[in-house]
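J.: Got a predicted structure plus its sequence, pasted below:
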Amino acid sequence: MIDAHHHLWDPSRREYPWMAGDAMDPIRRPYTVDDLRAVTKAAGVHATVLVQTVSAQEETEEFLATAAAEPVVAGVVGWVDLRAPDVPDRLAALRSLGPLVGVRHQVEDEPDDDWLLRPEIVAGLSAVADAGLVYDLLVRPAQLAAASEVALRLPGLRLVLDHAAKPPIAAGEWEPWASAVAALAERENVVCKLSGLVTAADWSGWEVAHLRRYVDHVLDVFGPGRLLFGSDWPVCELAAAYEVVLDAAVSLTGSLSDAERLDVFEHNARTVYDLA
């Protein structure tokens with residue numbers, strides 16, 4: 001099994017703007033490789049993808065050093081300034097440090113819903129594609145149209161939609177999320193992570209049944225060949241422990257064949273991120 005989406009952090013060393021507010025108190029502490037090793041070993045996970053948490057290249061450099069020293073971390077989705085004129089050089093320098101497999105920016109925090117379509121960002125994304133790396137999409141539903149346009153303009157760029165674009169599960173809403181995700185799924189160079197859904201639901205009162213309609217939809221529009229499991233640990237701990245998130249994902253994919261489940265929980269992540 002491969003966990004295609006998790007984080008590490010240490011609030012005593014770095015500021016995490018998204019972690020502000022009392023609601024984040026339960027996870028505002030260091031999460032280390034030792035913690036990761038403990039939860040993944042118990043769950044039977046043999047490889048992971050470590051994903052950026054802040055817009056700082058220094059964090060990516062640290063993550064690559066961690067991956068180079070820790071066998072369970074098979075790849076890193078890091079951060080570079082996509083606006084920079086030397087994105088290719090920055091990517092090459094990072095790749096010399098460890099297993100960089102992709103790039104991400106927290107687009108969800110950008111007030112401009114068309115941020116991905118800015119000329120300098122498209123140029124940066126083109127450099128990511130030229131480097132053979134993946135771009136992880138962390139977007140809100142309102143930003144899905146721009147994501148779909150980027151996928152059309154850059155057919156050589158492999159795009160991974162994080163957390164299914166955070167469907168409004170807690171509010172019980174459906175549109176415009178459902179239609180926008182379906183439109184994005186029409187782009188064959190886009191895949192979707194089955195991740196982050198427990199924290200899109202009511203943290204204290206969610207049930208697997210609350211997630212099913214949304215998971216069924218992404219299964220329908222992407223298919224099991226373009227879905228990959230991610231725990232979103234330790235963010236998930238706001239709503240559920242690692243093993244509970246995994247159990248929910250297994251339950252929600254219960255209609256799949258054994259081969260299709262193997263795709264979702266291992267093969268797709270290995271292929272998309274080109275993991276060794």
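T.: In hand now; what should we look at? Numbers count the residues shown, from 1 in each chain.
J.: Confirm that residue 209 lies within a helix, as I assumed.
T.: Yes. Residue state for residue 209 (DSSP: H, G, I helix; E, B strand; the rest coil) corresponds to a helix.
J.: For it, grab the count of nearby residues.
T.: 9 (other C-beta atoms under 10 Å). Every C-beta, even on glycine, is put in place using the N, C-alpha and C of the backbone.
J.: How about the contacts made by it?
T.: Not one residue lies near residue 209 by C-beta atoms under 8 Å, 6 or more residues apart in numbering.
J.: again, only this time at 10 Å
T.: Applying C-beta atoms under 10 Å, 6 or more residues apart in numbering to residue 209 gives the contacts 251-252.
J.: Which pLDDT does the model give residue 276?
T.: pLDDT, residue 276: 76.
J.: now swap in residue 47 and tell me
T.: pLDDT at residue 47 comes out at 98.
J.: And residue 34, how far from residue 276?
T.: 23 Å (C-beta to C-beta, to the nearest Å).
J.: now do residue 44
T.: In terms of C-beta to C-beta, residue 44 sits 20 Å off from residue 276.
J.: now residue 206
T.: 35 Å.
J.: who has more neighbours, those two?
T.: Neighbour count, other C-beta under 10 Å: between residue 206 and residue 276, residue 206 has more, with 19 against 9.
J.: Within the helices and strands, which one has that one?
T.: Here residue 206 sits in a region with no helix or strand, counting by DSSP states H and E.
J.: tell me the contacts of the closest residue to residue 191 other than its chain neighbours?
T.: Leaving out its chain neighbours, the residue that sits closest to residue 191 by C-beta to C-beta, 6 or more residues apart in numbering is residue 226, at 4.3 Å. Contact partners of residue 226, counting by C-beta under 10 Å, 6+ apart, are 160-161, 185, 188-192, 218-219, 263-264, 268, 272.
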